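> Need a 3D model of the sequence below.
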Amino acid sequence: MALTEQAEAEAEGEAAAAAHVPPQAGRGPGAGAEAILRRQAQRESAARTYARSLPIVPVRARGLTIEGADGRRYLDCLSGAGTLALGHNHPVVLEAIRGVLDSGAPLHILDLATPVKDAFTTELFANLPAGLAADARIQFCGPAGTDAVEAALKLVRTATGRSGLLAFTGAYHGMTAGALDASGGAPDVRVTRLPYPQDYHCPFGVGGAEGARLAAAWTESLLDDPKGGVPTPAAMIVEPVQGEGGVNPAPDAWLRRMREITAARGIPLIADEVQTGVGRTGAFWGVDHAGVVPDVMVLSKAIGGSLPLAVIVYRAGLDLWAPGAHAGTFRGNQLAMAAGTATLAYVRENQLAQRAAELGARMLAALRGLAPAHPCIGDVRGRGLMIGVELIDPDTAAAAPALAAAVRQECLDRGLIVELGGRHSSVIRLLPPLTLTDEQAAAVLDRLADAIPAATRR
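Numbering: from 1, shown residues only. Just a heads-up that it's a prediction; the model follows:
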């Protein structure tokens with residue numbers, strides 16, 4: 001891990017030496033930031049999200065650290081909602097981007113072949129589950145993960161001639177129409193919703209291996225019941241760890257059972273690895289923990305090395321659609337492909353997935369150690385550097401969204417950026433970069449540990 005730590009140390013050193021942001025004439029150092037935030041509130045859509053809970057104006061960033069226009073520095077454990085596998089402006093990513101810019105290569109190429117694209121595809125295929133890489137096709141989609149989900153749904157419906165879909169409670173697959181239909185918060189039920197096993201909120205009230213077994217049995221019974229109202233679907237879509245749903249890892253045995261159930265019935269299995277991919281969970285892909293090879297993988301976020309990029313990778317036998325059946329003007333992002341190639345290679349060469357597994361386990365243990373002194377901590381869970389702390393009302397054990405929001409604010413006051421997730425936005429989520437050092441992890445844990453009691457005293 002020496003290379004990783006050295007690169008991160010260099011990056012942090014650059015951030016510390018960054019030039020001071022000069023205040024505007026006649027104003028305090030934070031006045032310019034306040035004006036920018038005020039104009040944002042006046043001009044931008046009411047649909048904006050992070051800007052409401054994180055009222056900062058980033059002007060500089062490196063590694064784990066963001067510097068605001070007011071001169072304050074923050075430890076960023078949001079990481080672009082999991083996009084920044086190597087943190088902000090990692091040297092290898094910047095070098096890859098500069099290489100393309102300096103080469104004179106075209107930046108926009110639709111779906112034409114280029115050396116940059118070929119290098120990205122080669123590196124990606126080298127890291128895919130072996131059972132998929134040997135017989136895979138790739139489709140470059142629009143630049144967001146939700147675009148890739150839409151492509152995956154279109155692909156399996158074209159290949160199977162069927163339209164139904166199996167999805168799970170608590171799921172999140174994006175914000176476009178088809179992706180929302182498959183997500184747990186869909187207002188109109190157009191897919192069959194299956195129970196996602198959890199220990200803390202087990203749908204069957206038992207948790208553990210028995211809860212996972214019951215969830216699998218329910219799925220199998222529903223599919224085989226001629227009066228169950230569920231004709232053979234076009235696919236099942238699943239997240240190896242539900243992120244927005246509250247950081248719920250899928251039990252390995254259950255995920256293997258889902259693979260067996262779908263394979264036996266000719267139902268393609270789609271793994272949504274938008275947030276879990278590229279080492280985040282302690283394996284290169286979330287499905288690797290269970291040894292599962294899906295028929296389709298939906299990839300975005302970290303594969304673009306901080307820039308917009310989304311693809312689906314799938315078995316060649318599903319590749320039945322006609323030219324132009326799925327397209328997008330911005331599916332040829334050369335800068336993102338170069339940044340993505342550098343990121344994928346760096347994660348692989350420096351064994352950052354293994355590092356995420358080891359450091360994540362230590363962070364989970366430390367957070368669980370806080371629970372006896374803080375009865376508002378209902379559960380601590382996660383996998384790798386995808387961590388969730390669920391907050392509850394100690395008297396009723398009910399979700400505590402107001403407390404979670406207060407903890408988030410106390411964290412921000414202490415220079416730590418976290419976000420919320422879960423059914424009632426009561427789960428504190430940590431998604432630090434995979435380059436996180438032991439010292440940085442300790443600082444994150446210290447600030448969070450200090451924020452929790454401060455929030456309870458409000």
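> those strands in the stretch 51-200 of the chain, which residues are they?
Using DSSP state E, counting those that start in this stretch, the strands found in the stretch 51-200 of the chain span residues 58-62, 65-68, 73-76, 136-140, 165-168, 192-194.
> how about residue 271, secondary structure?
Remark: residue 271 carries the secondary structure label strand [criterion: DSSP: H, G, I helix; E, B strand; the rest coil].
> Turn the strands of the stretch 51-200 of the chain into JSON lines, including mean pLDDT and distance to residue 444.
From N, CA and C alone the C-beta is placed, and that goes for glycine too. Rendered in JSON lines, the data for the strands of the stretch 51-200 of the chain read as follows (pLDDT from 0 to 100; distance: least, Cβ to Cβ, whole Å):
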{"stretch": "strand 58-62", "mean pLDDT": "96", "distance to residue 444": "16"}
{"stretch": "strand 65-68", "mean pLDDT": "96", "distance to residue 444": "12"}
{"stretch": "strand 73-76", "mean pLDDT": "97", "distance to residue 444": "6"}
{"stretch": "strand 136-140", "mean pLDDT": "96", "distance to residue 444": "35"}
{"stretch": "strand 165-168", "mean pLDDT": "94", "distance to residue 444": "30"}
{"stretch": "strand 192-194", "mean pLDDT": "88", "distance to residue 444": "35"}
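> for these, which one ends up most surrounded?
The highest mean neighbour count among the strands of the stretch 51-200 of the chain belongs to strand 165-168 (a mean of 25), with neighbours defined as mean count of other Cβ atoms under 10 Å.
> Each with direction, which strands does it pair with?
Take DSSP bridges as the rule and strand 165-168 pairs in its sheet with strand 192-194 (parallel), strand 235-238 (parallel).
> what residues are up against residue 243?
For residue 243, the contact set (Cβ atoms under 8 Å, 6 or more residues apart in numbering) comprises 82, 172, 275, 276, 386, 421, 429.
> Count the neighbours of the second one for me.
As a burial measure, residue 172 scores 23 neighbours (other Cβ atoms under 10 Å).
> just checking, it touches residue 245?
Yes: in this structure residue 172 lies within contact range of residue 245 using Cβ atoms under 8 Å: 5.9 Å.
> could you pull out the helices for the stretch 301-450 of the chain?
Using DSSP state H, counting those that start in this stretch, the helices of the stretch 301-450 of the chain run over residues 334-349, 352-370, 401-413, 438-456.
> Helix or strand with the lowest mean pLDDT in this structure?
For the chain, using mean pLDDT, DSSP states H and E, the weakest element among its helices and strands is helix 2-16, scoring a mean of 45.
> Helix or strand next in line after that helix, which one?
Remark: after helix 2-16, the chain's next helix or strand is helix 31-43, criterion DSSP states H and E.
> buried sites along that following helix?
Buried residues in helix 31-43, defined by neighbour count with 16 or more other Cβ atoms under 10 Å: 32, 33, 37.
> So the second one sits against residue 67, correct?
Read it as residue 33. No: in this structure, residue 33 sits apart from residue 67 without contact. The criterion is Cβ under 8 Å, and the distance is 11.2 Å.
> By pLDDT, give me the weakest of the contacts of residue 243.
The lowest pLDDT within the contacts of residue 243 belongs to residue 172, which sits at 87.
> Phi, psi for it please.
The main-chain torsion angles of residue 172 are listed as degrees, to the nearest 10 and equal phi -140, psi 120.
> Need the residue closest to the centroid of the chain.
By Cα atoms, centre = their mean, the mean C-alpha position of the chain lies nearest to residue 275, the distance being 2.2 Å.
> Could you grab the helix/strand/coil label for it?
Assigned by three-state DSSP, the conformation of residue 275 is coil.
> how long is stretch 288-301 end to end?
18 Å (Cα to Cα, to the nearest Å).
> Now do it: distance to the chain's middle.
In terms of Cα atoms, centre = their mean, to the nearest Å, the centre of stretch 288-301 is found 13 Å from the chain centre.
> buried ones in it?
Of the residues in stretch 288-301, those buried under the neighbour-count criterion (16+ other Cβ under 10 Å) are 288-290, 292-301.
> do stretch 405-422 as well
If you call a residue buried by 16+ other Cβ under 10 Å, then stretch 405-422 has these buried ones: 405-412, 414-422.
> For it, C-alpha coordinates in CSV please.
These are the backbone C-alpha positions of stretch 405-422, laid out as CSV (Å, rounded to 0.1, in the frame of the first residue of the first chain):
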residue,chain,number,x,y,z
ALA,A,405,-30.2,15.6,10.3
ALA,A,406,-28.8,17.2,13.5
VAL,A,407,-25.9,14.8,13.5
ARG,A,408,-25.2,15.6,9.8
GLN,A,409,-25.1,19.3,10.7
GLU,A,410,-22.9,18.8,13.8
CYS,A,411,-20.5,16.9,11.5
LEU,A,412,-20.5,19.7,9.0
ASP,A,413,-19.8,22.2,11.8
ARG,A,414,-16.8,20.0,12.7
GLY,A,415,-15.5,19.9,9.1
LEU,A,416,-16.9,16.4,8.2
ILE,A,417,-19.2,15.9,5.2
VAL,A,418,-21.7,12.9,5.5
GLU,A,419,-25.1,12.2,4.0
LEU,A,420,-28.3,10.5,5.0
GLY,A,421,-30.1,7.5,3.6
GLY,A,422,-32.5,4.7,4.7
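> Now the phi/psi pair for the residue nearest to the centre of the chain, please.
Dihedral pair for residue 275: phi -100, psi -30, per degrees, to the nearest 10.
> how close does it get to residue 80?
Counting by Cβ to Cβ, to the nearest Å, the gap from residue 275 to residue 80 is 11 Å.
> And for residue 220, the neighbour number?
Residue crowding around residue 220 was assessed by other Cβ under 10 Å; the count is 16.
> So it lies in a strand, does it not?
No: under three-state DSSP, residue 220 falls outside any strand and is assigned helix.
> Can you say which helix or strand has the closest residue to it other than its chain neighbours in it?
In this structure, residue 220 finds its nearest non-sequential neighbour in residue 261, 5.4 Å apart by Cβ to Cβ, 6 or more residues apart in numbering. With the criterion set as DSSP H and E, the secondary-structure element containing residue 261 is helix 252-264.
> Low-confidence regions, the stretch 101-250 of the chain specifically.
Scanning the stretch 101-250 of the chain for pLDDT under 70 picks out 185-190.
> mind listing the helices in it by residue range?
Remark: helices assigned in the stretch 101-250 of the chain by DSSP H, counting those that start in this stretch are 115-127, 130-133, 145-160, 177-181, 208-224.
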